[in-house]
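Peer 1: fold the following and give me the result.
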Amino acid sequence: MKRIEMIGKRFGRLVVTRLSENTSGKRKRLMYYCDCDCGRKDVEIVGEKLRAGTTRSCGCLVKEVASTVHKKYNRYDLSSEEYGIGFASNTSRKFYFDLEDYDKIKGYCWLEMANGYIGSKDENQKYVYLHRLVMNAKEGEIVDHKKHDPSDNRKEFLRIGSQSKNMMNTSLRKDNTSETTGVYFCKNRGRWSAEIQVNKRKVYLGLFNNKTDAIAARKRAEEKYFKDWSYKNSVGKDNNAGAHLGENSFDEGR
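Peer 2: Residues are numbered from 1 along each chain as shown. Predicted structure coming up:
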């Protein structure tokens, strides 16, 4: 039986490059090396399956079809002229974005992640975070939420900085008793202590008879060392951890 010429022919996403030295099954059916449009090289395929049309890719096509069938989508409210509102597909939590970013984000299925951020996965199953996507963040860059609200991903409330700068904007620890970062009651001295960390070095600000003076010292140090990157602590119950649009606050963590 005359062999059918296969080299150089296209079958779906596959292009035959050369005959394989291997055969398939008891019938020893000829196999061919193929390159797939997805980028995979030297995929071995049985020639009969190529000609019959039963194999049209390296397997990527089946995965894409399955992904499309089972893919979930987000609901969006684009009625505002100022910003868009999306709803996380797993919790229906609202998230906010600039309308100009809608085309960039609409192809993803956004979820509320365990850390409070809005995230998804790309075609390679790698995690994508909304705040990093809209800021076009490069690997190693930190995207900081100015208001400590991970649901608000409008660019005016985001900024790119280094890890050290991001640490300046760290929110209040849950075990803090003063309601101000860097201020705590020193039991063995019976006074309030204030300190600040600058470039991984702790700067001692002193001991104070009352909490208000300790907080004031900490605030002055923030303005001196951190400037625009200082976490905006408030005295006493006014500290709302930067809450915005009625959502809970979280630290930027990546």
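Peer 1: can we go C-alpha only for contacts and neighbour counts from here?
Peer 2: Will do.
Peer 1: which strands border whichever strand or helix holds Tyr184, and is each parallel or antiparallel?
Peer 2: Tyr184 belongs to strand 183-186 when elements are defined using DSSP states H and E. Here strand 183-186 is paired, per DSSP bridges, with strand 191-198 (antiparallel).
Peer 1: and after the strand it pairs with, which helix or strand comes next?
Peer 2: Next along from strand 191-198, by DSSP H and E: strand 201-208.
Peer 1: residues making contact with that next one?
Peer 2: Applying C-alpha atoms under 8 Å, 6 or more residues apart in numbering, the external contacts of strand 201-208 come out as 191-197, 214, 217-218.
Peer 1: rerun that using 10 Å as the cut-off
Peer 2: 182-186, 189-197, 213-215, 217-218, 220-221 (C-alpha atoms under 10 Å, 6 or more residues apart in numbering).
Peer 1: list the strands paired with it, with their directions.
Peer 2: Paired strands of strand 201-208, defined by DSSP bridges, are strand 191-198 (antiparallel).
Peer 1: pLDDT (mean, whole number) over the partner strand?
Peer 2: Taken as a whole, strand 191-198 has an average pLDDT of 86.
Peer 1: for that strand, which residues meet the burial criterion?
Peer 2: Using 16 or more other C-alpha atoms under 10 Å as the test for burial, strand 191-198 gives 191-198.
Peer 1: also stretch 84-98?
Peer 2: Here stretch 84-98 shows 84-89, 93-98 as buried, counting by 16+ other C-alpha under 10 Å.
Peer 1: okay, and the beta partners of the residue nearest to Asn153 when sequence neighbours are not counted?
Peer 2: Nearest residue to Asn153 in three dimensions, chain neighbours excluded: Phe97, at 5.0 Å (C-alpha to C-alpha, 6 or more residues apart in numbering). Per DSSP bridges, the residues bridged to Phe97 are Gly84.
Peer 1: was I right to think Phe97 contacts Met135?
Peer 2: No - contact criterion C-alpha atoms under 10 Å: Phe97 and Met135 do not qualify, at 11.2 Å.
Peer 1: export the strand ranked longest in the chain as PDB, just CAs?
Peer 2: In the chain, with assignment by DSSP state E, the single longest strand is strand 14-24. Extracted C-alpha coordinates of strand 14-24, given in PDB (Å, rounded to 0.1, in the frame of the first residue of the first chain):
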ATOM      1  CA  LEU A  14      -1.100  20.300  14.300                       C
ATOM      2  CA  VAL A  15       1.600  20.500  11.500                       C
ATOM      3  CA  VAL A  16       3.400  17.300  10.700                       C
ATOM      4  CA  THR A  17       7.200  17.800  10.800                       C
ATOM      5  CA  ARG A  18       8.600  14.300  10.300                       C
ATOM      6  CA  LEU A  19       8.000  10.500  10.600                       C
ATOM      7  CA  SER A  20       8.400   9.000  14.000                       C
ATOM      8  CA  GLU A  21      10.500   5.900  14.500                       C
ATOM      9  CA  ASN A  22       7.800   4.500  16.700                       C
ATOM     10  CA  THR A  23       4.600   2.700  15.700                       C
ATOM     11  CA  SER A  24       1.200   2.300  17.400                       C
END
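Peer 1: report pLDDT for the nearest residue to Asp37 once chain neighbours are set aside.
Peer 2: Of all residues not flanking Asp37 in the chain, Arg13 sits nearest, at 5.3 Å (C-alpha to C-alpha, 6+ apart). Arg13 carries a pLDDT score of 94 in this model.
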